[in-house]
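Q: could you work out the structure for the sequence below:
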Amino acid sequence: MADIAIDEAAGLTAADLVHVKLTATDASATVADVQAFFAASTSRRLAVLAEDGRFAGVLTREDAEGAPDPAAPARSIAHDGPTVAAGASAEEARTAVMDAPSRRVPVVAEDGTLVGVVALDETRTHFCGTAR
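A: The predicted structure follows:
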């Protein structure tokens with residue numbers, strides 16, 4: 001099955017469009033843990049979760065590589081936003097992603113729980129990772 005095309009997403013919510021593979025870690029992870037993750041992965045971004053599953057921020061490979069203290073908590077170098085609400089329309093999700101340099105935005109439920117990440121493919125015509 002193909003990824004969902006932007007022009008075929010009418011009536012869907014951001015929660016319907018999340019990438020099926022979410023890379024995340026516990027917010028108690030250290031910078032060294034994140035550096036090791038990126039050393040063994042092709043991922044460019046890593047969502048950071050708090051212990052209760054709430055979204056706590058995002059780290060990039062560059063954030064981890066440039067961190068001066070490997071023993072520091074990963075949360076201390078994470079970025080907070082932007083995010084999109086789980087109930088946001090597909091159009092709102094697309095706009096949020098188009099405005100994000102990474103073309104990826106965390107989708108967060110009303111209670112702060114991380115639902116996933118909505119992303120656009122390189123052509124910006126499909127929500128990537130949505131093929132189920």
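
Q: mind listing what the lowest-mean-pLDDT helix or strand in the chain pairs with, with the direction of each?
A: Using mean pLDDT, DSSP states H and E, the weakest-scoring helix or strand in the chain turns out to be strand 45-49, at a mean of 82. Strand 45-49 pairs in its sheet with strand 24-26 (parallel), strand 55-60 (antiparallel), by DSSP bridges.

Q: in CSV: these, plus mean neighbour count.
A: Placement of C-beta: from N, CA and C, glycine included. Formatted as CSV, the strands paired with strand 45-49 follow (neighbours: other CB atoms under 10 Å):
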stretch, mean neighbour count
strand 24-26, 17
strand 55-60, 22
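
Q: possible to save those as CSV with mean pLDDT?
A: Formatted as CSV, those follow (pLDDT from 0 to 100):
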stretch, mean pLDDT
strand 24-26, 87
strand 55-60, 89
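
Q: can I get those strands in CSV with distance to residue 103?
A: Output for the strands paired with strand 45-49, formatted as CSV (distance: least, CB to CB, whole Å):
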stretch, distance to residue 103
strand 24-26, 18
strand 55-60, 13
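
Q: please name whichever of these is nearest to residue 80.
A: strand 55-60 (5.3 Å; CB to CB).

Q: give me the residues contacting the closest one.
A: The contact list for strand 55-60, computed with CB atoms under 8 Å, 6 or more residues apart in numbering, reads 27, 34, 44-50, 74-75, 77-80, 83, 102, 106, 108, 112-114.

Q: going on from it, what's the next piece of helix or strand?
A: Using DSSP states H and E, the helix or strand that follows strand 55-60 towards the C-terminus is helix 61-65.

Q: can you pull the buried residues of that next one?
A: 61, 63-64 (16 or more other CB atoms under 10 Å).

Q: over to stretch 100-108?
A: 100, 104-108.

Q: quick one: terminal-to-terminal distance for it?
A: One end of stretch 100-108 sits 16 Å from the other (CA to CA, to the nearest Å).

Q: mind listing the helices for the protein?
A: Listed in chain order, the helices of the chain (DSSP state H) span 31-39, 61-65, 90-99.
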